[in-house]
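> Structure for the following, please:
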Amino acid sequence: MDNQRTQTIRTLSARLNSFHSAMYFSQTVGAVYAEHGLEPGLEGNMAARSAPLGRVNPGVVSAAYYNYSPNFVASLVPAVWDKVSPEEMVATRFDAVAAFMNELFGDRDDIALLTEAATEVNEAVQPVLAHMDFAGRALAAATADAIGGHQGDTVFEKLWDSATIAREFRGDGHVASLVTAGVPGIDALMLDVATGASFRPRAAQKTRGYTDEEWQTAQARLAEAGLITVDTDDRGFDLPVITEAGQELREQVEQLTDGTVTAAWSVLDDDELEALLSPSRTLIKVIAQSGAFPATVFAQPAKKAG
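Next comes the predicted model:
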């Protein structure tokens with residue numbers, strides 16, 4: 001496997017993921033969801049992302065999300081569909097995306113440059129999306145179906161559509177890789193936290209719905225396995241820190257994940273991939289500077305943004 005090519009695809013995938021996920025912490029997005037009776041934040045985001053799956057039982061959503069507490073998912077699904085139907089929620093998320101993108105890009109002086117960058121990235125990834133095989137990727141397939149008929153008013157909305165499909169496609173491959181490597185969802189979440197470049201520990205636990213007992217049990221298990229050590233942060237909370245063995249395990253999983261998307265990205269040659277680094281960086285810089293990834297939730301929001 002070409003290491004440079006693989007790393008470029010990882011970088012582009014991370015930036016597409018950030019372009020998708022920046023809306024999760026937006027008050028503007030939360031207000032759109034609240035118009036449909038949804039609590040901003042956890043409930044609204046759960047409904048929005050799972051809506052393409054339809055009115056399924058909580059086990060399906062837990063399996064697709066993988067690193068969420070099944071009990072937490074069951075506390076929201078299917079009860080959330082008594083407030084808004086999955087079909088309505090699909091449309092509502094598009095409304096939220098439009099509002100969020102307008103907030104980010106609507107009145108910027110450099111809008112022409114950003115529009116050019118978004119157009120370049122969006123057009124370039126279309127062959128990648130067309131080459132995706134969704135067999136075995138339930139959430140990605142459902143998401144692609146839901147997005148398929150959507151026509152965004154701006155190129156930023158169109159890029160969000162493309163980024164979301166790419167994100168869920170790699171995400172489903174990542175879940176399969178974690179299963180293959182024998183890494184449970186909560187362990188995968190904690191190893192990510194332990195890198196120091198992702199969620200803060202308490203934010204990760206809360207947003208994924210784990211109890212203190214579940215979190216402490218997983219933390220102790222990973223520490224005993226030599227995959228993390230446990231320090232304390234400036235507030236006295238436990239701070240998992242990944243070890244070399246933990247990094248090696250994460251890299252094994254990432255390499256498996258790389259293999260699940262290789263065929264889709266094969267339609268772009270090395271030069272075409274490299275050409276996307278600059279425009280994607282331009283877009284992610286705007287998102288990072290906007291505060292879309294709050295410091296109260298992420299240890300290093302700028303790095304998280306790509």
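
> and V230, what are its phi and psi?
phi -120, psi 110 (degrees, to the nearest 10).

> Do a quick rundown of the helices in the stretch 151-300 of the chain.
155-181, 185-194, 201-208, 212-224, 244-265, 270-275, 277-290 (DSSP state H, counting those that start in this stretch).

> relative to helix 185-194, how tilted is the fourth one?
Computed with axes from the mean of the first three to the mean of the last three CA atoms, to 10 degrees, the direction of helix 212-224 lies at 70 degrees from that of helix 185-194.

> What lies in contact with helix 212-224?
Contacts of helix 212-224 with the rest of the structure, by CB atoms under 8 Å, 6 or more residues apart in numbering, involve 69, 184, 186-187, 190-191, 194, 205, 210, 228-230, 238, 240, 246. Where C-beta positions appear, they are placed from N, C-alpha and C, glycine not excepted.

> Can you give the distance of it from its chain's centre?
Remark: helix 212-224 is offset 24 Å from the chain centroid, using CA atoms, centre = their mean, to the nearest Å.

> The shortest one too?
For helix 270-275, the separation from the chain centroid amounts to 23 Å (computed by CA atoms, centre = their mean).

> pLDDT (mean, whole number) over it?
Throughout helix 270-275, pLDDT has a mean value of 98.

> Report the buried residues of it.
For helix 270-275, the neighbour count (16 or more other CB atoms under 10 Å) marks L273 as buried.

> what helices or strands is it leaning on?
helix 3-21, helix 111-130 (3 or more CB pairs under 8 Å, 6 or more residues apart in numbering; DSSP states H and E).

> JSON lines for those, including mean pLDDT?
Output for the helices and strands packed on helix 270-275, formatted as JSON lines (pLDDT from 0 to 100):
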{"stretch": "helix 3-21", "mean pLDDT": "97"}
{"stretch": "helix 111-130", "mean pLDDT": "98"}
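
> right, and these - which one's nearest V77?
helix 3-21 (19.8 Å; CB to CB).

> what is the orientation angle of the closest one with helix 155-181?
120 degrees.

> which outside residues touch helix 3-21?
125, 159-160, 162-164, 166-167, 170, 254, 258, 261, 265, 270, 273-274, 276-277, 280-281, 283-284, 287, 293, 304-306.

> Just the buried subset of these, written out for ChimeraX, thanks.
In ChimeraX, this line selects whichever of the contacts of helix 3-21 come out buried by 16+ other CB under 10 Å:
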select :125,159,160,162,163,164,166,167,170,258,261,265,273,276,280,283,284,287,293,304,305,306
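
> I'd like the distance from stretch 10-24 to the chain centre, please.
7 Å.

> Now do the buried residues in that stretch.
So stretch 10-24, judged by 16+ other CB under 10 Å, has buried residues 11-24.

> Save these as CSV, and put in distance to H150 too.
Below are these laid out as CSV (distance: CB to CB, whole Å):
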residue, distance to H150
T11, 27
L12, 22
S13, 21
A14, 24
R15, 21
L16, 17
N17, 19
S18, 20
F19, 16
H20, 14
S21, 18
A22, 18
M23, 15
Y24, 19
